[in-house]
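Asker: Here is my input; please provide its structure:
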Amino acid sequence: MRNRESYARHLFGDDPKSLQDHAALLLLGGVEKIYSFLLNMWVSFYDIGHLHRHELAAYTLSIGNITAGGTGKTPFVRYMAARLAAEGETVAIVSRGYRSGWEARGGIVSDGERVYATAQEAGDEPYLLARVLPKVIVAVGRKRAQIAAQVEQKYHPSVVLLDDAFQHWSLHRDVDIVLIDATNPFSNGRVLPRGLLREPLDHLERAHVYVVTKADAVAEERLDEIIDNLKSFSSQAPIMVTAHHPGRMLSFADWAAQRESTTPPPRRVVTMCALGNPASFERSVRQAGMQAVGHIRHVDHHRYTAADWQDAQAYARNEQAQGLVVTEKDAVKLLDCVPLDTEDLYVLTLELRILSGEEEFWSYIKEEREVRG
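Answerer: Next comes the predicted model:
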């Protein structure tokens, strides 16, 4: 039986449809019109001032997307935060903490020196960012304007990065950065629930900067087409092009201890992930030189249990794999249910590589900072 994510991919893809599928698409199309109307009305209330936008004293940058699913936000937030911190900025990351224990109440995940939450409390992505960015403040909460104000009052950051906030209109930002996944840039052009767009495509006009991710996974002609489409929404917005490349392969114990690995990586593996775009990770495993003899896919933000791990080990043994490979985002959620001395679990880190547009991107960020004063 298909889960909702796989069925959505089937519905919105080009493969043949059954009579039941066509009926579902017809129904979803009606809901799409209602959703789009209400969304446009909601945005207009902010634009004309009927609804208030909270403004922070810190230079505020939003990193978001226009499609549901994984576009590579976490590696990009990590890249931006690390660079800004290296330049002497006091950086805070504010995230919703989707499906986390602290999503409703909000909380400080890290003060830049100590991590105060678990992956279950903070959410997988915020916890990972807190773990790999020791000098950066990380906070989560559904009411991001409220938690951002608390962070500002207590820590006085000079820069605030709003993670996944392109649709969070209640909080003012100085720059809206929108990530576009080259492997599925605009879904089928339709808005939720008829497609995967979070809002109509013409809303891309309000973005200040575009970042195309996973560009190495598509042909050059397709990449040019995506860039031309983005320029049609804003001819002045800088466009940075990036790629995700496999980084280090670490044993789970070495990764948890944040040390270099001395364990030779396996060749024959099973991949396991809970991501919005699992195919991207599976491609990285192949790029790293491993043979994937099986794949275990969980829904995005899935919380792993000891039973999940036991089932994964059994599956890997059945496929005669030498080990299981996960992402760092998955590894943080396995800390509570997998022994640290486990020998058949490996973590593949990912590196963000800038293919073009980096100088223009940072020039724009700095210029806007100067304009704000």
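
Asker: Give the buried residues for stretch 184-195.
Answerer: 184-187, 190-195 (16 or more other CB atoms under 10 Å). C-beta: built from backbone N, CA, C; applies to glycine.

Asker: I meant stretch 75-94, not that one.
Answerer: Those would be 75-82, 84-85, 89-94, for stretch 75-94 by 16+ other CB under 10 Å.

Asker: now stretch 271-290, how far from the centre of its chain.
Answerer: Offset of stretch 271-290 from its chain centre (CA atoms, centre = their mean, to the nearest Å): 15 Å.

Asker: ok, now stretch 220-239?
Answerer: Taking the mean of its C-alpha atoms, stretch 220-239 sits 21 Å from the chain's own mean (CA atoms, centre = their mean).

Asker: hmm, who's touching that stretch?
Answerer: 180, 182, 185-186, 201-202, 204-205, 207-212, 215, 218, 241, 357, 360-361, 363-364 (CB atoms under 8 Å, 6 or more residues apart in numbering).

Asker: So which of those residues sit within helices?
Answerer: Among the contacts of stretch 220-239, the members found in helices (DSSP state H) are 360-361, 363-364.

Asker: Looking at neighbours, which among the residues you listed is most surrounded?
Answerer: F361 (21 neighbours; other CB atoms under 10 Å).

Asker: Quick check: that one vs G72, distance?
Answerer: Per CB to CB, to the nearest Å, F361 is found 15 Å from G72.

Asker: now the strands: where do they sit in this protein?
Answerer: Here the chain has its strands, by DSSP state E, at 59-65, 91-95, 107-111, 137-140, 159-163, 175-181, 209-213, 239-251, 268-273, 291-297, 323-326, 345-356.

Asker: what is the rounded mean pLDDT of the fourth one?
Answerer: When the per-residue pLDDT values of strand 137-140 are averaged, the result is 98.

Asker: contacting residues around it?
Answerer: Residues from elsewhere that reach strand 137-140 (CB under 8 Å, 6+ apart): 90-97, 100, 102-103, 106-112, 117, 122-123, 126, 129-130, 147-148, 150-151, 155, 157.

Asker: Find out how far it is from the centre of the chain, if you would.
Answerer: Remark: strand 137-140 is offset 16 Å from the chain centroid, using CA atoms, centre = their mean.

Asker: Quickly run through the sheet partners of it, with directions.
Answerer: Using DSSP bridges, strand 137-140 pairs in its sheet with strand 91-95 (parallel), strand 107-111 (antiparallel).

Asker: what about the stretch 1-150 of the chain, any weak spots by pLDDT?
Answerer: The stretch 1-150 of the chain contains residues with pLDDT under 70 at 1-3, 5.

Asker: who's in contact with H244?
Answerer: Going by CB under 8 Å, 6+ apart, H244 touches 72, 75, 213-214, 216, 280, 284, 350-353.

Asker: Apologies, that question was intended for E103.
Answerer: Neighbouring residues of E103 by CB under 8 Å, 6+ apart: 96-97, 123, 140-142.

Asker: go on, V191?
Answerer: Residues in contact with V191, defined by CB under 8 Å, 6+ apart, are 32, 35-36, 39, 197-200.

Asker: Now with 6 Å, please.
Answerer: V191 makes contact with 32, 36, 197, 200, according to CB atoms under 6 Å, 6 or more residues apart in numbering.
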